[in-house]
Structure formats: structure tokens, C-alpha cells
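Novice: My questions are about this predicted structure, shown below with the sequence.
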Amino acid sequence: MPGSRNTPSPAAGAFDTATPVVVLKLDDNPLHHGGLGVIRGLGRLGVPVYGVCEDPLVPTAHSRYLHGQWQWRAGEGTELDVVDGLARIVERLGGPTVVLPTDDAGAILLAEHAAGLHPWLLFPRPPTDLPRKLAGKDSLYRLCREHGVPAPRTETVTTWPRARAFAASVGYPLVAKLASPWRRAGHRVPSTSVVRTPNQLAELHRAAGQPIVLQEFLPHAMTPGRGQDWFLHGYLGDDPAQSPVCTGVKERSYPAAAGLTSFGRWVANHELGKQAVELLCRTGFRGLVDMDWRWDPRDGHYKLLDCNPRLGAQFRLFSDRAGLDLAVTAYLDLTGQRVPHIAHGPERRFVVENYDPLAAFGGWRGGRLGLREWITSLRGTEETAWFARDDLAPFGLMCLRMGWRALSRRIPVSRRPQRARAPEFRFGRAGSRRGSPIVNQSHESNTSVPS
């Protein structure tokens with residue numbers, strides 16, 4: 001098992017860690033590893049971090065760095081229920097609180113309800129309607145065309161004849177996406193799928209439960225000196241020229257060519273960074289962003305595939321030896337403190353332990369990846385999504401939940417719909433040691449970061 005280098009190096013300078021953080025997740029996804037990255041990254045630096053968890057056995061709920069959790073299926077309530085729940089949370093914490101969403105639904109809600117949210121909540125303030133436009137697949141394509149950013153040909157279809165006509169115009173394979181992937185209740189289809197036959201397209205169109213966005217499939221052939229699939233994570237504050245933007249190569253994904261990054265590398269790409277920042281500045285975006293790009297060898301352009309107006313799940317790839325990452329950057333900016341530069345040292349790699357074996361198996365079955373090549377790529381990986389020597393419980397629970405997920409696919413398990421409830425507080429492992437969830441009254445500290 002590759003091991004994370006978890007302990008920050010000593011560094012000069014200091015910042016105030018008294019303001020708590022709430023990791024907001026509305027999507028019902030207990031195996032989301034991005035929230036665990038926030039908890040560990042900020043928690044190791046002394047920041048009191050709290051989470052929103054669906055049930056007591058969510059792996060992140062058992063991190064040693066979590067001060068407390070709210071048992072709350074927030075996504076099952078209305079938007080006003082979430083606004084009210086956030087007010088209850090921040091009032092319990094007793095003072096200004098940074099909130100970091102890890103899914104599109106949370107980022108959209110914060111932007112569109114900013115005026116009605118509790119004044120103690122601290123989060124970036126982009127234009128009200130912009131996060132929804134960036135997260136929506138068809139609206140993102142329109143933004144790209146408006147601002148001259150290359151993107152694959154895209155069309156939203158609501159009828160089978162239109163879907164069939166688009167497929168005939170671009171050919172197979174093609175990519176199918178839910179138009180509003182943050183609205184996934186009532187259907188069981190992936191947010192993104194590679195469609196290879198008319199029958200697959202017909203079945204997906206029938207099962208989607210909402211309009212689908214069809215997109216041409218960009219050829220996936222490596223070009224010497226360039227990676228094919230790229231992701232870009234950044235944080236845009238009031239001065240975009242000083243905002244950190246980091247780029248990486250997506251070596252493997254699950255599902256293949258259409259899913260989350262299961263293995264990636266931090267590789268500087270100034271051309272892509274400049275292109276992305278120009279688009280975000282033109283739209284007036286502020287806050288955390290996660291973008292997927294693909295190099296198209298046919299015309300020599302990077303083309304924007306997706307844009308998520310929140311923290312990306314693999315953001316911990318972009319962390320330096322002192323523990324500074326994009327979540328820490330957002331925390332410092334939102335609490336009015338100096339934001340240091342994230343130092344890009346030797347190459348870093350990131351692996352998601354529960355999905356990369358599945359991605360590698362798919363590559364092996366398709367003749368694209370050998371067993372020895374896969375094992376060699378993992379050797380010495382610097383950052384892991386789940387495993388950490390100083391925080392083992394989330395990894396163990398992840399393994400148990402993956403086993404249960406595999407078993408329940410063979411033995412159907414019905415889940416009764418639950419009535420939306422108010423968030424219920426429970427102490428976390430870090431909070432129980434201090435004896436009080438009211439962190440602003442009980443926790444005052446400083447932590448070193450790079451100058």
C-alpha cells in the first residue's frame with residue numbers, strides 16, 4: 001500500500017486557526033474522498049473541522065481530525081431546509097464559520113441563497129447565477145462559445161429523434177451527460193457515460209429522468225510531450241493574478257474516459273492555466289474550481305469538458321511539504337489572512353485506492369495496461385485518497401463499505417425513503433478530546449505555513 005507523507009514540514013510564518021470549517025456535502029455519496037482531504041489537510045494544521053455526514057458509518061465521520069459531525073441527509077430536503085440547517089450549524093459553533101462545499105449542489109445553493117444565509121457563514125461570492133451555468137453541461141458549452149474557449153460539440157436533447165440525429169452527425173462513440181447532474185433523485189444512470197451503440201443511447205435516454213447532453217467524443221491518442229487528459233484546480237480570490245492554479249494529468253479514470261481521476265500526476269501546464277484563468281476572469285468567477293480538459297490532436301487545442309464550481313476530489317495532489325493546499329488557501333483568504341504560494345516541488349502522484357484497481361482492470365482487459373506497469377506506477381505514490389498512517393479508521397471503513405456495495409449489487413437491498421430532518425450534532429474524535437463543539441470559545445492556536 002502506498003503511503004501518504006502526512007506530516008507538514010516546519011516553516012516560517014504563522015496564521016490564526018481559530019475559525020472553524022464546515023465541509024458541506026448535499027450529494028448522498030458516503031465514499032466521497034474529497035471531504036476527507038479537507039478534514040485531514042486543515043485538521044493537521046490545527047483548524048477545527050466539522051462535517052455533514054449521511055449516516056454514522058460514513059468513513060470521513062471517523063477521521064481523528066474531525067471535531068464534530070452533523071448527521072444530516074441534507075440533499076433530501078428543500079433548499080430552504082438546507083439554509084435553515086446551515087443557520088443551526090453556525091449558531092451552534094458560535095461565531096464566523098468557513099463553509100467549503102464538495103459538490104456542485106452545495107456550491108450552487110451557497111451562490112443562489114447568499115443573501116439569505118446566516119451572516120456568520122464565510123464563503124466566496126461569485127455572481128449568483130454563475131455556479132449553475134458552469135456546472136450545467138449545456139450552459140457551460142454556451143459560455144465556452146461566448147468567450148471563444150474550445151469545447152467539444154455539444155447538444156441538449158429531450159426527444160429520441162434529436163438524440164438519434166446528433167449521434168448520426170458526430171458518430172459513435174459519443175459522451176452522454178445528465179444536463180443537471182446535481183439533480184439525480186429518481187433515476188439510476190451515471191452522470192457521464194461513453195455511449196458506443198444506438199441501443200445504449202436509447203436505454204440511457206429512457207432511464208435518465210431528465211434532459212441529457214450529448215457530446216462528441218474526442219479522440220484519445222497520446223501526443224509526444226503532452227498528456228491527453230488534464231484537470232485544473234484553483235482558487236480565485238479578489239486578485240486573480242495572484243490566485244493559485246494547479247494542473248495535473250489524469251493517467252487513469254473510473255469509469256474509463258468518463259469518470260473521476262483514480263490516478264493522476266501534478267504536472268505544470270502554464271498554457272492551460274492561462275486559458276482557464278482567462279475564462280474564469282471574464283465570467284467574474286470567485287472561489288474554488290475544478291476543471292477537466294482534453295488535448296485534441298486533430299486541431300492542437302485544449303478543450304474544456306467539465307467545470308465544477310467547488311473543490312475537486314483529488315485536490316490533495318496539489319499540496320506542498322508544509323501542508324498548504326487549495327482548501328487551506330481558501331481558508332486563509334476567507335478569514336482575511338495572507339495567502340502564501342503553494343510550492344510545486346518534485347513530482348507528486350495521487351491514487352484513489354478503491355477505484356484505481358477497477359480502472360487498471362479495465363485497462364488490462366482492453367490491452368492498454370499490464371499488471372507490472374500498474375504496480376510500477378503506484379510505487380512510492382505521495383498522496384492517497386484514503387490510507388494515512390496517522391488516520392487509519394476512514395480507510396478501514398471504506399474497505400468495508402466497498403465490500404458491502406459489491407455484495408448488495410448481487411443481493412438487492414431496498415432503502416425506504418427518509419423524511420428530511422434537521423441536522424443532529426455528534427462529537428468527532430478531535431472534538432471529544434477538547435470537550436466542546438463551541439470552538440470559537442474553546443480553541444485558539446497558530447500554525448506555521450510557508451512564507
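Specialist: All right, it came through fine.

Novice: Buried residues of the longest helix belonging to the chain, list them for me.
Specialist: The single longest helix within the chain, with elements called by DSSP state H, is helix 393-410. Neighbour counts over helix 393-410 (16 or more other CB atoms under 10 Å) mark 394-395, 397-398, 401-402 as buried. (Each C-beta comes from the backbone N, C-alpha and C, glycine too.)

Novice: Just send those residues back as CSV, with distance to T376 too.
Specialist: Listed next are the buried residues of helix 393-410 as CSV, based on distance: CB to CB, whole Å:
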residue, distance to T376
P394, 27
F395, 23
L397, 29
M398, 24
R401, 29
M402, 24
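
Novice: hmm, which two among these are most spread apart?
Specialist: Greatest spatial distance in the buried residues of helix 393-410: P394 and M402, 12.4 Å, computed using CB to CB.

Novice: before we move on, back to that, the helix or strand following the longest helix of the chain pairs with which strands?
Specialist: Using DSSP states H and E, the helix or strand that follows helix 393-410 in sequence is strand 424-427. The pairing partners recorded for strand 424-427 under DSSP bridges are strand 66-71 (antiparallel).

Novice: what ranges do the helices span in the stretch 251-400 of the chain?
Specialist: In the stretch 251-400 of the chain, helices defined by DSSP state H, counting those that start in this stretch lie at 270-283, 326-334, 356-365, 371-378, 393-410, listed in chain order.

Novice: Could you single out the nearest of the buried residues of helix 393-410 to L24?
Specialist: Lowest distance from L24 to the buried residues of helix 393-410 (CB to CB) belongs to P394, with 18.3 Å.

Novice: where's the residue lying closest to the closest one once chain neighbours are set aside relative to L143, distance?
Specialist: Closest residue to P394 apart from its sequence neighbours, by CB to CB, 6 or more residues apart in numbering: P59 at 4.0 Å. Applying CB to CB, to the nearest Å, the value for P59 to L143 is 35 Å.

Novice: Next: C281.
Specialist: Applying CB to CB, the value for C281 to L143 is 13 Å.

Novice: In terms of neighbours, single out the busier of those two.
Specialist: Shown here are C281 and L143; by other CB atoms under 10 Å, L143 has more neighbours (20 against 15).

Novice: could you dump the helices of the stretch 251-400 of the chain to JSON lines with mean pLDDT and distance to S180?
Specialist: Shown next, in JSON lines, are these (pLDDT from 0 to 100; distance: least, CB to CB, whole Å):
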{"stretch": "helix 270-283", "mean pLDDT": "94", "distance to S180": "19"}
{"stretch": "helix 326-334", "mean pLDDT": "96", "distance to S180": "25"}
{"stretch": "helix 356-365", "mean pLDDT": "93", "distance to S180": "26"}
{"stretch": "helix 371-378", "mean pLDDT": "94", "distance to S180": "35"}
{"stretch": "helix 393-410", "mean pLDDT": "88", "distance to S180": "25"}
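
Novice: nearest to G94, of these?
Specialist: When the helices of the stretch 251-400 of the chain are compared by CB to CB, helix 326-334 sits nearest G94, at 17.6 Å.

Novice: mind saving the C-alpha coords of that closest one as PDB?
Specialist: C-alpha atoms of helix 326-334 as PDB (Å, rounded to 0.1, in the frame of the first residue of the first chain):
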ATOM      1  CA  LEU A 326      -6.200  24.800  -2.000                       C
ATOM      2  CA  ALA A 327      -8.500  24.200   0.900                       C
ATOM      3  CA  VAL A 328      -6.000  26.000   3.200                       C
ATOM      4  CA  THR A 329      -5.700  28.700   0.600                       C
ATOM      5  CA  ALA A 330      -9.500  29.300   0.600                       C
ATOM      6  CA  TYR A 331      -9.500  29.300   4.500                       C
ATOM      7  CA  LEU A 332      -6.800  31.900   4.700                       C
ATOM      8  CA  ASP A 333      -8.400  34.100   2.100                       C
ATOM      9  CA  LEU A 334     -11.900  33.900   3.600                       C
END
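
Novice: Kindly confirm my reading that A87 is in a helix.
Specialist: Yes - going by DSSP: H, G, I helix; E, B strand; the rest coil, the assignment for A87 places it inside a helix.

Novice: Just list the residues touching the residue nearest to F350 when sequence neighbours are not counted, thanks.
Specialist: Excluding its sequence neighbours, the residue lying closest to F350 (CB to CB, 6+ apart) is L317, at 3.8 Å. Applying CB atoms under 8 Å, 6 or more residues apart in numbering to L317 gives the contacts 246, 248, 264-266, 348-350, 383.

Novice: redo that, cut-off 10 Å
Specialist: Counting by CB atoms under 10 Å, 6 or more residues apart in numbering, L317 touches 37, 231, 233, 246, 248, 261, 264-266, 325-326, 348-351, 382-383, 385.

Novice: Buried ones from those residues, can you make that a ChimeraX selection?
Specialist: Restricted to buried positions by 16+ other CB under 10 Å, the ChimeraX selection for these reads:
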select :37,231,233,246,248,261,264,265,266,325,326,348,349,350,351,382,383,385
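
Novice: Which ones among the contacts of L317 lie within strands?
Specialist: Within the contacts of L317, residues falling in strands by DSSP state E are 231, 233, 246, 248, 261, 264-266, 349-351, 383.

Novice: which residues pair with the closest residue to V170 other than its chain neighbours across the strands?
Specialist: Spatial nearest neighbour of V170, chain neighbours left out: E216 (4.3 Å); criterion: CB to CB, 6+ apart. Beta-bridge pairing for E216 (DSSP bridges): L174.

Novice: okay, and for this structure, where does confidence drop off?
Specialist: For the chain, the stretches with pLDDT under 70 are 1-13, 183-188, 220-227, 410-420, 432-451.

Novice: Tell me the residue in it that is farthest from the middle.
Specialist: Here the chain has its C-alpha centre computed as a mean, and the residue farthest from that point, by CA atoms, centre = their mean, is P161 with 34.4 Å.

Novice: pretty sure that one is in a helix, no?
Specialist: Yes - the assignment for P161 is a helix, going by three-state DSSP.

Novice: Tell me the one of the ones in strands among the contacts of L317 nearest A360?
Specialist: V351 (10.2 Å).

Novice: and L42, helix, strand or coil?
Specialist: helix.

Novice: From H341, how far out is it?
Specialist: To H341, L42 is 18 Å away according to CB to CB.

Novice: Those two: who's more crowded?
Specialist: Shown here are L42 and H341; by other CB under 10 Å, L42 has more neighbours (26 against 12).
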